[in-house]
Each structure stands twice: as structure tokens, then as C-alpha cells.
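Below: sequence and its predicted model.
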Amino acid sequence: MQKFLCIINFKYIFYFSLFVIFTGCTNQSRIGSSQTSEKSSREVLVEPSNSKSTNTALGYLHDLASEAVAKKEYDKANALLERSLRLAPYRAATYLELARVKAASGDILQALVFAERGLLYCEHPICRALNSFIEKTKTEPPFR
């Protein structure tokens, strides 16, 4: 009887692990084909997650944030990106996106704080984007 129960438990564990593996493989992040470009410093561009992202939760949060920005729901995008930072506080691209959302909602000082914090974790192309965001934000009319 114990051998029979052990086999049943193993069977459930096996099927559950297969379910978890296949669920992770099928939840690929969506990259929108119509990406908007940043035309002025007041427009926001939250880039959808790329296919290199290893964490599907981060990709999903970034996709939801980009949809919120497209609808100009900056509070929702802000909350989603801050949640993404709690999951991966070392990701410089998230700091850049959050800085852009803060600037679009009118909180320039917080935008600069997040952009400068992102410099701590940046990689080469993101470093350039963060530095240009900081310089452009500092030269806008509220700081002159």
C-alpha cells in the first residue's frame, strides 16, 4: 500500500513539474510591431521587453507598462515599473523607463534621481541613453 501511494505522489510531482516547465516556455514576451518613437522630450517611450529577458515576469510587467504609457496612464506605468525594480533592482533599462515615466508625469526631480541611480547598473548602450536623458532633462526650461 505504501509503495502504491509513493508511486501516485511521484506521478503528481512529475506532472506538476512538466506543467511548470511548459508554462514557462510558452509565456514568451510580446514585442509590439508598432513602436512609437520619442518625438519630443515630453513624450514617453517604454520599450517592450526584448527576447533576451530571462524572467518572463519582468517582460510581462514591462509590456503592461508600455501599454499603460500608450494610454497615458502614468501612475499605472509607474507602479508596474517600480514592481519590476523590486524583482530586478540591478536592471538599468528599468531605471531609464521609470525616469521617462516620471518626467512625463511632471516629476522632473524624481526622474533625475531614477536616471542617476540607473547609472550604477548600466551597460554600454543604456549608459549612453541614461546620460543623454539626464543632460536633456537638466537643460529643459524648469531647470534653466
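All right, it came through fine.

Report the separation between Ala103 and Thr137.
Ala103 sits 6 Å away from Thr137, going by CB to CB, to the nearest Å. All C-beta atoms are positioned from the backbone trio N, CA, C, and that covers glycine.

Looking at the two, which one has more neighbours?
Ala103 (25 against 20; other CB atoms under 10 Å).

host element of the more buried one?
In this assignment (DSSP states H and E), Ala103 forms part of helix 92-104.

after that helix, next one along is what?
Next element after helix 92-104 (DSSP H and E): helix 108-118.

Counting by contacts, list what the helix holding Ala103 packs against.
helix 56-70, helix 74-87, helix 108-118, helix 124-138 (3 or more CB pairs under 8 Å, 6 or more residues apart in numbering; DSSP states H and E).

Export those helices as CSV, with columns for distance to Ala93 and mean pLDDT.
Shown next, in CSV, are those (distance: least, CB to CB, whole Å; pLDDT from 0 to 100):
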stretch, distance to Ala93, mean pLDDT
helix 56-70, 8, 92
helix 74-87, 10, 94
helix 108-118, 8, 92
helix 124-138, 5, 87
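
a markdown table please, covering those and showing distance to Leu96.
Formatted as a markdown table, the helices and strands packed on helix 92-104 follow (distance: least, CB to CB, whole Å):
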| stretch | distance to Leu96 |
| --- | --- |
| helix 56-70 | 11 |
| helix 74-87 | 10 |
| helix 108-118 | 5 |
| helix 124-138 | 5 |
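
Of these, which is nearest Ala99?
Nearest to Ala99, of all the helices and strands packed on helix 92-104, is helix 108-118, at 4.0 Å by CB to CB.

if we can go back for a sec, need the winner for burial among the helices and strands packed on helix 92-104.
helix 56-70 (a mean of 20; mean count of other CB atoms under 10 Å).
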